[in-house]
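**Student:** give me a 3D structure for the following:
(chains A and B)
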There are 2 protein chains.
Amino acid sequence: MPITVDHEARRAALARIAADIIAAKGIEAATVRAIAEAAGSSTKVVSHYFSDKRALLMATYRSATEDAAARSQASQPRGQADVAAYLLSLLPASPPMVRNWKVWLAFWAYATSDVEFAQEQRGQVLNTRARVEDLLGGDPRVTGLDADARARAARDLLTLVIGVSLQAAFDPEDWAPSRQYRPIIERIRALVGHLS
Amino acid sequence: MPITVDHEARRAALARIAADIIAAKGIEAATVRAIAEAAGSSTKVVSHYFSDKRALLMATYRSATEDAAARSQASQPRGQADVAAYLLSLLPASPPMVRNWKVWLAFWAYATSDVEFAQEQRGQVLNTRARVEDLLGGDPRVTGLDADARARAARDLLTLVIGVSLQAAFDPEDWAPSRQYRPIIERIRALVGHLS
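**Tutor:** You can find the predicted model right below:
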């Protein structure tokens, strides 16, 4: 069992290194050689953890998504839903989330010509939207929305997050954190009238 | 003079072909060879029109942007500003605009590791935002916004357009045109209270 844990931990560490390379230099730069160099290991070791380039890329994409999921999970107060905190945690207002958005953007472009990645990307959007809907249903400060209104609100809020994030990841000077937060907070306030 | 016109027209036609290839298969696929093949011409002819790969890519990016600018210009009634029509014309609710968004997305990812393209991309966002601000100022149905409110509104509206478009270009089934239009129209209505 320790061997399995170690294997998974090493594989995850290599995927994080690949994500850093992709965020900085694009997907083309994430070669087995470059990852091995950055990890201080050999290409043989990297190849041992990923059956092929495709498996490496998918693990890298999921690594960024899991990193973001852990951060947004940490945004939630124990035993209570806080939809605003969840949405703000997704924004590129910190270096790790800037990195994650750059990784996602690289893969979104890649997905243009790749059916499997396109499906993964759509799934990620739909999962996140479903999570926002759940939080809108569970957040005690959000009241008076029926299921249809929650679905529309979740769609609109995630649209704002994506629109802000793609601009902010590329122009941080024009998008200080307060500028990233404002449209999301205003939109939630408009939805519920009295968010604290 | 006819020779110059012809040269510009042929160069523009090759850039459009390159844009089609990038939208379908990504930037890596837009080789001189692939463009020559799609144009039914030789690599020598393509090389004649672009000094290098970089010049070809920049011309391709600008080709998509100019195509979109012509479409949004056409959305404006003669001698009158219509901010809603302008914003809706930017959405990927038609095949040419789906193509343009796929091209832009490919270059946004590319810009992650390319300073010049990053600057071009930021410039495009700022130009479009300035155009929205102008239209908010000129649209007779939009009243009661001071300069600061117009700046914030332009930022928010373009954020919605980008957020909708990046999702819709990849998941057209989930984003029928009416679903793309709704958040933009609702937001303009909320801004002015009485948009016709």
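
**Student:** list the contacts for the closest residue to chain B within chain A?
**Tutor:** Of all residues in chain A, residue A:163 sits closest to chain B, at 3.0 Å by Cβ to the nearest Cβ. All C-beta atoms are positioned from the backbone trio N, CA, C, and that covers glycine. Listed by Cβ atoms under 8 Å, 6 or more residues apart in numbering or on different chains, the contact set of residue A:163 reads B:158-164, B:166.

**Student:** and which of these is nearest residue A:72?
**Tutor:** Minimum distance to residue A:72 across the contacts of residue A:163 is 17.7 Å, recorded for residue B:163 (Cβ to Cβ).

**Student:** quick check: the closest one vs residue B:12, distance?
**Tutor:** Look at residue B:163 and residue B:12: by Cβ to Cβ, to the nearest Å, they are 30 Å apart.

**Student:** same thing with residue A:40?
**Tutor:** Using Cβ to Cβ, residue A:40 is found at 49 Å from residue B:12.

**Student:** so the two - more neighbours on which side?
**Tutor:** Taking other Cβ atoms under 10 Å in any protein chain shown, residue A:40 and residue B:12 do not tie; residue B:12 has more neighbours (16 against 8).

**Student:** once you drop chain neighbours, what's closest to the more buried one?
**Tutor:** Closest residue to residue B:12 apart from its sequence neighbours, by Cβ to Cβ, 6 or more residues apart in numbering or on different chains: residue B:63 at 6.6 Å.

**Student:** which ones are touching the one you found?
**Tutor:** B:12, B:15-16, B:18-19.

**Student:** try it again at 7 Å.
**Tutor:** B:12, B:15-16, B:19 (Cβ atoms under 7 Å, 6 or more residues apart in numbering or on different chains).

**Student:** any idea which of these is closest to residue A:91?
**Tutor:** The closest of these to residue A:91 turns out to be residue B:19 (Cβ to Cβ; 30.9 Å).

**Student:** which element, helix or strand, includes the closest one?
**Tutor:** Secondary-structure assignment from DSSP states H and E places residue B:19 in helix B:2-25.

**Student:** okay, angle between the helix or strand harbouring the residue nearest to residue B:12 and helix B:2-25 too, please.
**Tutor:** Residue B:63 belongs to helix B:53-74 when assigned by DSSP H and E. Per axes from the mean of the first three to the mean of the last three Cα atoms, to 10 degrees, the angle that helix B:53-74 makes with helix B:2-25 is 90 degrees.

**Student:** can you get me the start-to-end distance on stretch A:160-176?
**Tutor:** One end of stretch A:160-176 sits 16 Å from the other (Cα to Cα, to the nearest Å).

**Student:** relative to residue B:139, how far out is residue A:94?
**Tutor:** In this view, residue A:94 and residue B:139 are 37 Å apart by Cβ to Cβ.

**Student:** now residue A:104
**Tutor:** 35 Å.

**Student:** sec struct for the residue of chain A closest to chain B, please.
**Tutor:** Secondary structure of residue A:163, reduced to three states by DSSP: H, G, I helix; E, B strand; the rest coil: helix.

**Student:** about what we covered before: higher neighbour count, residue A:104 and residue B:139?
**Tutor:** Set residue A:104 next to residue B:139 and count neighbours by other Cβ under 10 Å: residue A:104 wins out with 25 against 20.

**Student:** what helix or strand is that one located in?
**Tutor:** Assigned by DSSP H and E, residue A:104 belongs to helix A:95-111.

**Student:** what packs against that helix?
**Tutor:** helix A:2-25, helix A:53-74, helix A:115-138, helix B:95-111 (3 or more Cβ pairs under 7 Å, 6 or more residues apart in numbering or on different chains; DSSP states H and E).

**Student:** list the buried residues for the following helix or strand past the first one?
**Tutor:** This points to helix A:2-25. Sequence order places helix A:32-39 as the next helix or strand after helix A:2-25, per DSSP H and E. Of all the residues in helix A:32-39, those buried under the rule 16 or more other Cβ atoms under 10 Å in any protein chain shown are A:32, A:34-36, A:39.

**Student:** mean confidence for helix A:32-39?
**Tutor:** For helix A:32-39, mean pLDDT rounds to 96.

**Student:** same deal with stretch A:8-23?
**Tutor:** Averaged across stretch A:8-23, pLDDT comes to 95.

**Student:** what are the buried residues along it?
**Tutor:** Buried, per 16+ other Cβ under 10 Å, within stretch A:8-23: A:10-12, A:14-23.

**Student:** the residues you listed into TSV, with extra columns for distance to residue A:53?
**Tutor:** Shown next, in TSV, are the buried residues of stretch A:8-23 (distance: Cβ to Cβ, whole Å):
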residue	distance to residue A:53
A:10	18
A:11	15
A:12	18
A:14	13
A:15	13
A:16	17
A:17	15
A:18	10
A:19	15
A:20	17
A:21	13
A:22	12
A:23	18
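
**Student:** mind pulling up the pLDDT for the nearest residue in space to residue A:24 that is not next to it in sequence?
**Tutor:** Nearest non-adjacent residue to residue A:24, counting by Cβ to Cβ, 6+ apart: residue B:113, 6.5 Å away. Per-residue confidence (pLDDT) for residue B:113: 84.

**Student:** tally of neighbours for residue B:113?
**Tutor:** Per other Cβ under 10 Å, the neighbour tally for residue B:113 reads 18.
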